[in-house]
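*Asks:* Just to be clear, the model below is a prediction. Sequence and coordinates:
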Amino acid sequence: MVRNNFATMAAIEIKNLIKSFGPVKAVDGVSFSVEAGSVTGYLGPNGAGKTTTLRCLLGLVTPDSGEALVNGERYVTLPRPVTEVGAVLEATSFHPGRTARNHLRILCTAAGLPDARADEALEQVGLGDAAGKRVLGFSLGMRQRLALASALLGRPRVYILDEPANGLDPAGIEWLRGFLRHLAHDEGAAVLVSSHVLSEVEQTVDNVVIIAKGRLVRQGSLAELTGGGTGSVRVRSAQAADLAPALEAAGGTVERADDGLLRVRGLDAEAIGQVALDRRIVLTEVTQERSDLQKVFLELTEGR
Amino acid sequence: MSLLAGLVKAELRKLFTTRLWWVMLVVALLFVGVGLGVLIAFAGVDQNGAAVPGLDTAQWTELAWASGSSAGIFVMILGVVLMTSEFRYQTITGTFLVTPRRGLVIIAKLVAGLIVGALFALAVLVLQAVTVIPAVMLGGGEFSLSGARVPQISIGILATLALYALFGIGLGALVRNQVAGVVAAIAWTYVIESIFTAIPALHVVGKWLPGGAAQALMSIDVNTGLGQPEWLPAWAGALVLVAWGLLFAGVATATTVRRDIT
Ligand SMILES: Nc1ncnc2c1ncn2[C@@H]1O[C@H](COP(=O)(O)OP(=O)(O)O)[C@@H](O)[C@H]1O
Ligand SMILES: [Mg+2]
C-alpha cells in the first residue's frame, strides 16, 4: 500500500452523503467514519437507508452529493478493490447452478487472485465440505457464509457487511460475532456492519451509528450510548428505606426515586432478589431497565 | 491488458461452470442437423417451382454449407443469458465489486461472447463437414472447397455466430429481464429477420439487417423459387454486420455503465 498519510486516514469516511430515488430521500446528509481495528454497527429500521449508504460506498450507486471514501479514495478508483475492501451485500446472490468453489474462482480470476484462495476462504467460513456443491441446495445461512467467503478472497483490511446475520441461526450469529471481533481486534481491520436488529450486533460492536429515514440519529462508542455499561434495575418495595442500604452494602449503586421506587445499578435482578430475601423484604416490582441504546433504537423502530 | 484477459477468462468461466452452454450447443447442432437432413431429403426435388438443387451440384453444397448460420439464434440466446443472468441472480453486484470499472466488464463480456460464438461456429462446421461431404459423394457429386465457395461461407458462419453472441449481450443489457430478452431474440430472428430476408421483395430492408448482411457475406444467391435474392456485396455485408456489432456493444455499455445497482 503506497498511499499518502495512510496512518492518519480513516478506513471508511462518509461525508454529507445524499441520495434520492425519485421522491424518496434514501440517504439524507449522513456523515461518519470507521477506524481500523474497530467494529462499527450501522443500525436502523428497515428502509432507513443503510443499504443505500453502503452501496454508495462501494460504487454501485452514485450519490447525488457528498463523498463516500474507502482508504481515502472512491471505491471505483481503487486499483485492486478486493485486496482493500471485502464486502457482503444484502441480496447478494449466486447462480444456483454453480458450485460454491466455482463461484469464488470466477471472482478470483477477475481479481487476478490465485484459484487456491477460493478453497482457503471456504475453509475460513466453515464451508470447506460444501465447496463442490451447487448453491441451489444451500440454506440462507450457508449463502451468507459464502458471501462472507467472497469478501475474504483478497485478504482486505476493510470490511463492509450489509445485514450479514440475516438468515443465520443462533449458532451462526455467535460464530459471526466472534469472526468480526477477530477481524477487527486481532487483525486490525476496520469493520462496518449494518443491521436492523440491535441484539444481533450489540455484543460485537465498538461504535454505533444509528440512522432512520435517511438521517443520522445517534453516533458514538457503545459505552457512550449505553451510559457506561450495564442497564439499571427498577425495584419497588414498601420497605425501600430498609432495602436501599442493604443493596448498597451488597455493592450496588442506588438512586432513590419517588416513594418506594429504587433504581439500582451494579447488581442484577437475581442479586437484588437475594438481598431482599435475606432481609425478608417484600418486593413489588423488579424490572430490568433498557439501556439508552436500546431505548433509542426501540423509539426509532416502534411506530413504524 | 492482462487485466482484460483475466476478465475475459472470468466471463468464459461463468458460462462454462453452468449447464446452459452445452444444452444450447446440443440444441443448435440438432437444429442445424435437421435442416441438413431436410436439404438432403429434398435434394433435386422440384415442387411447384420451388426447387432444391441436386446433391451433385455446387449450388446444393452452397445451400447446405450455409445452413450453419441458422444456429445464430442459439448463440444469441446464450449472449442474452450471459448478460441477463447477472441481473436475474444479482451476481452483477459481485462482478462490479471486483471490477468497478464497468466499461471493462462489458468489453470482457463482449469478447467472451465473440469467442463462444466462434466456438459454436467451429462445432457447426464440423457437423456440416461430416454430413455434407458424404452426402455429396453418395449423390454422385464431387466435393470441391473452392467450387462451392466453402471457405467464404465458413468465414461467414464464423463471423455471424460470433456477432450474434454479441447482439445477444447487447440485447440482454438493454432489457435486463431474462425471459423478455430470450423472447425478444427469438422474435427478432424468427419473425422480423426471417420475414425481411426470406422474401426477396423485402430485401431492400432485409439486406441491411444482420441476417441479410450475413447472407451477403456468404453470398448465397441460390434461387429456391421465391425469386433471386438481392443482397449487398460481401464486403458491404461484412461492414453492416460489424456496424450492428458496434451498435449492440454501444447499447450494452451505455445501459450498464452509469446505472445504479440496487
Ligand atoms: N432502487 C430503488 N428505487 C427506489 N427506491 C429505493 C431503491 N432502493 C432503495 N429505495 C428506498 O430507499 C429507502 C432506503 O432503502 P434502503 O437503503 O434499502 O434501507 P435499509 O437498507 O436501511 O433497509 C427506502 O425507502 C427504499 O424504499
Ligand atoms: Mg438494507
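*Replies:* Yes, it's here. Numbering: from 1, shown residues only, chains lettered A, B, ... in the order given. Ligands and ions are numbered 1, 2, ... in the order given.

*Asks:* mind listing the helices for the chain?
*Replies:* Let's take chain A. Chain-ordered helices for chain A, with DSSP state H as the definition, fall at A:50-57, A:100-111, A:116-124, A:140-152, A:170-181, A:198-201, A:222-225, A:240-249, A:269-278, A:292-301.

*Asks:* if you could check chain B rather than the one you did, that'd help
*Replies:* In order along the chain, chain B carries the following helices (DSSP H): B:2-16, B:20-41, B:58-66, B:72-88, B:91-98, B:102-138, B:150-175, B:178-186, B:194-198, B:203-206, B:210-218, B:234-257.

*Asks:* can you pull the buried residues of the shortest one?
*Replies:* The reference is to helix B:203-206. Judged by neighbour count (16 or more other CB atoms under 10 Å in any protein chain shown), helix B:203-206 contains these buried residues: B:203, B:206. In short, each C-beta sits where N, CA and C put it, glycine included.

*Asks:* what's the closest residue to B:A249 other than its chain neighbours in contact with, if anything?
*Replies:* Computed as CB to CB, 6 or more residues apart in numbering or on different chains, the closest residue to B:A249 that is not its neighbour in sequence is B:L110, at 5.4 Å. The contact partners of B:L110, taken as CB atoms under 8 Å, 6 or more residues apart in numbering or on different chains, are B:166, B:169, B:249, B:252.

*Asks:* Among the helices of chain B, which comes closest to A:S93?
*Replies:* Smallest distance to A:S93 across the helices of chain B (CB to CB): 6.5 Å, for helix B:91-98.

*Asks:* near chain A at all, that closest one?
*Replies:* Yes - residues of helix B:91-98 are located near chain A by CB under 8 Å from any CB of the partner chain, namely B:91, B:93-98.

*Asks:* Tell me the one among those residues nearest to ligand 1.
*Replies:* For ligand 1, the nearest member of the residues of helix B:91-98 next to chain A is B:T93. The distance, counting by CB to the nearest ligand atom, is 12.7 Å.

*Asks:* Could you break chain A into its assigned domains?
*Replies:* Taking automatic domain parsing as the criterion, chain A consists of the domains A:10-224, A:230-294.

*Asks:* Could you work out the end-to-end span of the longest one for me?
*Replies:* Going back to what we said before, that points to domain A:10-224. With CA to CA, to the nearest Å as the measure, the first residue of domain A:10-224 is 20 Å from its last.

*Asks:* Where does the stretch 101-250 of chain B get nearest to ligand 1, which residue?
*Replies:* Closest point on the stretch 101-250 of chain B to ligand 1, by CB to the nearest ligand atom, is B:R176, at 13.2 Å.

*Asks:* residues in the stretch 101-250 of chain B within reach of chain A, list them.
*Replies:* If contacts are counted using CB under 8 Å from any CB, the residues of the stretch 101-250 of chain B sitting beside chain A are B:R101.

*Asks:* Quick check: closest non-adjacent residue to the most centrally placed residue in chain A.
*Replies:* When chain A is reduced to its mean C-alpha position, the closest residue under CA atoms, centre = their mean turns out to be A:G41, at 3.3 Å. Residue nearest to A:G41 in three dimensions, not counting chain neighbours: A:V205, with 3.6 Å by CB to CB, 6+ apart.

*Asks:* how many other residues sit next to the one you found?
*Replies:* One way to gauge burial is a neighbour count; for A:V205, by other CB atoms under 10 Å in any protein chain shown, it gives 28.

*Asks:* Wait, it touches A:S221, no?
*Replies:* No - in this structure, A:V205 is not within contact of A:S221 by CB atoms under 8 Å, at 9.2 Å.

*Asks:* picking up where we left off before, need the domains of chain A in CSV with mean pLDDT and distance to B:G211, can you?
*Replies:* As requested, the domains of chain A are exported to CSV (pLDDT from 0 to 100; distance: least, CB to CB, whole Å):
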stretch, mean pLDDT, distance to B:G211
domain A:10-224, 93, 31
domain A:230-294, 86, 65
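
*Asks:* Of these, flag the one that's most buried.
*Replies:* With neighbours defined as mean count of other CB atoms under 10 Å in any protein chain shown, those peak in mean count at domain A:10-224, which reaches a mean of 20.

*Asks:* can you tell if that one touches ligand 2?
*Replies:* Yes - where contact is defined by CB under 5 Å from the ion, part of domain A:10-224 touches ligand 2, namely A:50-51, A:90.

*Asks:* Kindly indicate which of these lies nearest A:S194.
*Replies:* Within the residues of domain A:10-224 next to ligand 2, distances to A:S194 taken as CB to CB reach their minimum at A:K50, with 4.2 Å.

*Asks:* need the contact list for the closest one.
*Replies:* A:42-44, A:162-163, A:194, A:196, A:211.

*Asks:* roughly how far apart are A:R256 and B:M83?
*Replies:* Using CB to CB, to the nearest Å, one obtains 70 Å as the distance from A:R256 to B:M83.

*Asks:* Check B:A135 too.
*Replies:* When CB to CB is applied, the distance between B:A135 and B:M83 equals 38 Å.

*Asks:* do A:V282 as well
*Replies:* 73 Å.

*Asks:* Tell me the predicted confidence for A:E299.
*Replies:* As summarised for this prediction, A:E299 has a pLDDT of 74.

*Asks:* Tally up the residues packed near it, please.
*Replies:* As a burial measure, A:E299 scores 11 neighbours (other CB under 10 Å).

*Asks:* can you put the domains of chain A in JSON lines and add distance to B:I261?
*Replies:* As requested, the domains of chain A are arranged in JSON lines below (distance: least, CB to CB, whole Å):
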{"stretch": "domain A:10-224", "distance to B:I261": "4"}
{"stretch": "domain A:230-294", "distance to B:I261": "32"}
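
*Asks:* right, so of the ones you listed, which gets closest to B:R19?
*Replies:* In terms of CB to CB, the element of the domains of chain A nearest to B:R19 is domain A:10-224, at 5.9 Å.

*Asks:* How about that closest one and ligand 1, touching?
*Replies:* Yes - legend: contact between domain A:10-224 and ligand 1 by CB under 6 Å from any ligand atom is shown at A:21, A:24, A:26, A:44, A:46-52.

*Asks:* what two of those have the greatest distance between them?
*Replies:* Farthest apart among the residues of domain A:10-224 next to ligand 1 by CB to CB are A:F21 and A:G44. That separation is 16.6 Å.

*Asks:* so how far is the first residue of stretch A:32-49 from its last?
*Replies:* Stretch A:32-49 stretches 14 Å from its first residue to its last (CA to CA).

*Asks:* again but with stretch A:27-46, I slipped
*Replies:* Per CA to CA, stretch A:27-46 runs 13 Å from first to last residue.
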